[in-house]
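**Student:** Task: produce atomic coordinates for the following.
(one chain, ligands or ions: 2)
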Amino acid sequence: MNERDNETLEKRNVCVLGQGYVGLTLSAVLAQSGFDVVGLEKDDERYEKLTQGVPHFDEPELEKTISTQCELGTLRFGRSTDHPDAGHASAYIIAVGSPLDENKTPNTSIVESAVDSVTEVLESGDLVVLRSTIPVGTSERIVDQIETETGLEVGKTLSLVHAPERTLQGAALRELRHLPQVIGADDRGSVIEAERLFRHVTDTILRVESLRAAELVKLMDNTYRDVTIALGNAFGEIARSHGLDGTRLIEAANKGYDRNQIKSPGLGVGGGCLPKDPYLVLESLPDETEPGLSAATSLIRDARQLNESMPHIATDQLEAALSGLGKEPGELRSLVFGIAFKGEPATNDIRHTPAAPVIDFLAERGPVDGYDPNVEPEKIASLGARPVTDDDATVTDVATRDAYDVIVLANNNPTFKELELASVADAAPPDAVLLDGWNLLDERTVEQMGLSYVAIGGDVTSRRF
Ligand SMILES: NC(=O)C1=CN([C@@H]2O[C@H](COP(=O)(O)OP(=O)(O)OC[C@H]3O[C@@H](n4cnc5c(N)ncnc54)[C@H](O)[C@@H]3O)[C@@H](O)[C@H]2O)C=CC1
Ligand SMILES: CC(=O)N[C@@H]1[C@@H](OP(=O)(O)OP(=O)(O)OC[C@H]2O[C@@H](n3ccc(=O)[nH]c3=O)[C@H](O)[C@@H]2O)O[C@H](C(=O)O)[C@@H](O)[C@@H]1O
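**Tutor:** Residues are numbered from 1 along each chain as shown. Ligands and ions are numbered 1, 2, ... in the order given. Below you'll find the predicted structure:
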């Protein structure tokens with residue numbers, strides 16, 4: 001049995017490795033829940049901002065929570081497990097990145113390196129929580145890594161679980177408190193220890209049978225979302241091939257028919273996770289050639305590839321619409337609204353943003369301005385667009401500051417619906433094109449203003465007025 005079995009976690013100090021979207025929000029909520037937390041962040045710039053109480057990303061209530069907990073002394077930050085408080089902790093939560101490499105194969109080296117640094121301070125009776133999203137089977141390999149490096153034994157002198165994060169960026173602090181927490185381990189004692197911690201965060205703990213079960217539950221959640229989004233995108237393309245408007249047909253199909261809620265077509269799937277996690281499923285299969293698996297993996301892979309192609313399908317549509325403009329190469333003036341990977345809930349995260357391939361396409365044809373009230377100008381510039389930084393400007397002010405030949409709504413920020421189309425059309429050259437990546441606007445209104453309207457999943461020629 002675990003040597004600390006009779007000690008409740010209320011006395012445990014917690015060390016969270018990685019203070020990104022997952023680690024920092026969890027550190028804040030754990031501190032708020034009465035734990036003594038040290039958050040470790042190895043990135044110098046991010047660490048420096050944290051020492052000033054400033055997160056590198058926006059989440060509602062996050063900065064206020066951090067400031068309160070730091071003032072109370074329940075939350076502090078360090079760079080590595082060399083930090084004195086890291087050694088005093090008895091619960092270690094790994095919340096570092098698990099990206100893909102350039103071949104779209106999972107890279108768990110960042111997780112393994114974080115685990116390595118924890119093994120230097122682990123003691124008998126400690127708890128390790130693997131929170132990063134990792135391929136099935138990774139936790140078992142980490143158990144071997146820790147047992148070899150420390151001589152501790154999971155289930156006897158050490159507890160180890162996989163407890164995945166499932167919050168939505170932009171809603172994380174609220175969802176941490178309300179979503180059920182999945183916990184999987186290969187021994188009962190470890191689950192009990194982890195429950196003693198997470199029951200202070202959320203009311204519902206969902207025990208699953210093993211480490212790999214918890215890994216797969218998380219990957220199923222995100223892969224399900226990616227595949228269902230892909231099906232909405234597929235219907236958009238199928239409808240368009242019939243000269244029909246997929247978005248309107250999906251709206252009709254969903255109305256009053258709750259057991260089906262088909263997702264609307266969109267410009268693409270971004271963020272740090274959905275574009276990645278289906279590949280973690282595909283890359284952790286024992287043997288993809290087994291008959292039952294090959295169909296399953298084709299479904300997931302094809303869905304992922306369709307979602308990856310959506311921005312390029314959009315620029316193909318745009319290319320067709322631009323042919324009528326007769327612009328010389330390099331002359332096309334463009335504005336891209338919505339640089340973050342999604343517009344709602346608001347985020348400043350540009351990881352895998354669908355705006356990037358659209359900016360690339362337009363930048364080959366002329367200057368591109370980029371506008372997103374939630375994204376720092378340097379991030380917009382990093383994608384090759386010239387940041388528009390008029391803080392007091394309305395979206396109409398931005399859209400009419402130049403005679404743009406192309407205006408793109410690249411994410412679903414609801415403020416883009418406030419575009420005063422008459423003003424936009426007045427400022428634009430004849431036959432300017434508006435690409436509405438999220439079907440935010442009414443095509444009839446856009447067309448009546450004299451702008452060419454291109455929508456994802458929509459087909460203007462099909463529209464019966
Ligand atoms: N972003 C999200 O909303 C969600 C992400 N996840 C998963 O959680 C994990 C983390 O995701 P994010 O927070 O978005 O990643 P992130 O990249 O924003 O944050 C990770 C942080 O850890 C730091 N770091 C890396 N190695 C470190 C080490 N050894 N010691 C201290 N700091 C270290 C990095 O500098 C970075 O700031 C990933 O596996 C992701 O798939 C799961 C659910 C939600
Ligand atoms: C199953 C699920 O809901 N996963 C969530 C997802 O959160 P994330 O912050 O990535 O946001 P998201 O709403 O899934 O959006 C991801 C991308 O998908 C796009 N998207 C979203 C919904 C939709 O109907 N169509 C669509 O194209 C968004 O525009 C965005 O580019 O991924 C998170 C993660 O694992 O990082 C996860 O914790 C969250 O619970």
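
**Student:** Contact partners for the nearest residue to L130 once chain neighbours are set aside?
**Tutor:** Of all residues beyond its chain neighbours, the one nearest L130 is H162 (4.7 Å), with distances taken as C-beta to C-beta, 6 or more residues apart in numbering. (Glycine included, C-beta is placed from N, CA and C.) With contacts defined as C-beta atoms under 8 Å, 6 or more residues apart in numbering, H162 is in contact with V129, L130, R131, I134, S139, I183, G184, A185, L211, A214, E215.

**Student:** Quick check: beta-bridge partners of H162?
**Tutor:** L130, G184 (DSSP bridges).

**Student:** how much space between T228 and N307?
**Tutor:** T228 sits 11 Å away from N307, going by C-beta to C-beta, to the nearest Å.

**Student:** For these two, indicate the residue with more neighbours.
**Tutor:** Neighbours around T228 and N307, counted as other C-beta atoms under 10 Å, are more numerous at N307. The numbers are 24 against 14.

**Student:** Neighbours of the residue nearest to the more buried one when sequence neighbours are not counted, how many?
**Tutor:** Among residues not flanking N307 along the chain, V269 sits closest, at 4.2 Å (C-beta to C-beta, 6+ apart). Residues within reach of V269, counting by other C-beta under 10 Å, total 25.

**Student:** Likewise for D277?
**Tutor:** Summarising burial for D277: neighbours were counted as other C-beta under 10 Å, giving 26.

**Student:** Repeat that for A252.
**Tutor:** A252 has 11 nearby residues by other C-beta under 10 Å.

**Student:** Look at it and tell me its secondary structure.
**Tutor:** At A252, secondary structure determined by DSSP: H, G, I helix; E, B strand; the rest coil is helix.

**Student:** Next one: it relative to L441, how far apart?
**Tutor:** Noted for A252: a distance of 19 Å to L441, by C-beta to C-beta.

**Student:** Next up, the contacts around V398.
**Tutor:** L335, F337, Y371, V388, D390.

**Student:** could you flag which of these are buried?
**Tutor:** With burial judged by 16 or more other C-beta atoms under 10 Å, the buried subset of the contacts of V398 is L335, F337, Y371, V388.

**Student:** Disregarding residues adjacent in the polypeptide, which is nearest to the last one?
**Tutor:** Closest residue to V388 in three dimensions, ignoring its sequence neighbours and counting by C-beta to C-beta, 6+ apart: Y371, at 4.2 Å.

**Student:** from the contacts of V398, which is closest to ligand 2?
**Tutor:** Of all these, the one sitting nearest ligand 2 is F337; the distance, using C-beta to the nearest ligand atom, is 14.0 Å.

**Student:** what's the pLDDT at that closest one?
**Tutor:** For F337, the model assigns a pLDDT of 98.

**Student:** what residues does the protein put near ligand 1?
**Tutor:** Residues of the chain lying close to ligand 1 (C-beta under 6 Å from any ligand atom) are 17-23, 40-43, 46, 95-98, 110, 113-114, 117, 132-133, 165, 167, 169, 272-273.

**Student:** Which ones among those residues map onto strands?
**Tutor:** Among the residues of the chain next to ligand 1, the residues falling in strands (DSSP state E) are L17, L40.

**Student:** now do the same end-to-end measure for stretch 154-169.
**Tutor:** Between the start and the finish of stretch 154-169 there is a gap of 32 Å, counting by C-alpha to C-alpha, to the nearest Å.

**Student:** now, which of the contacts of V398 lie within helices?
**Tutor:** Cross-referencing the contacts of V398 with the helices (criterion: DSSP state H) gives no overlap at all.

**Student:** Let me know whether the residue nearest to N307 touches D226 as I believe.
**Tutor:** Yes - in this structure, V269 is within contact of D226 by C-beta atoms under 8 Å, at 6.2 Å.
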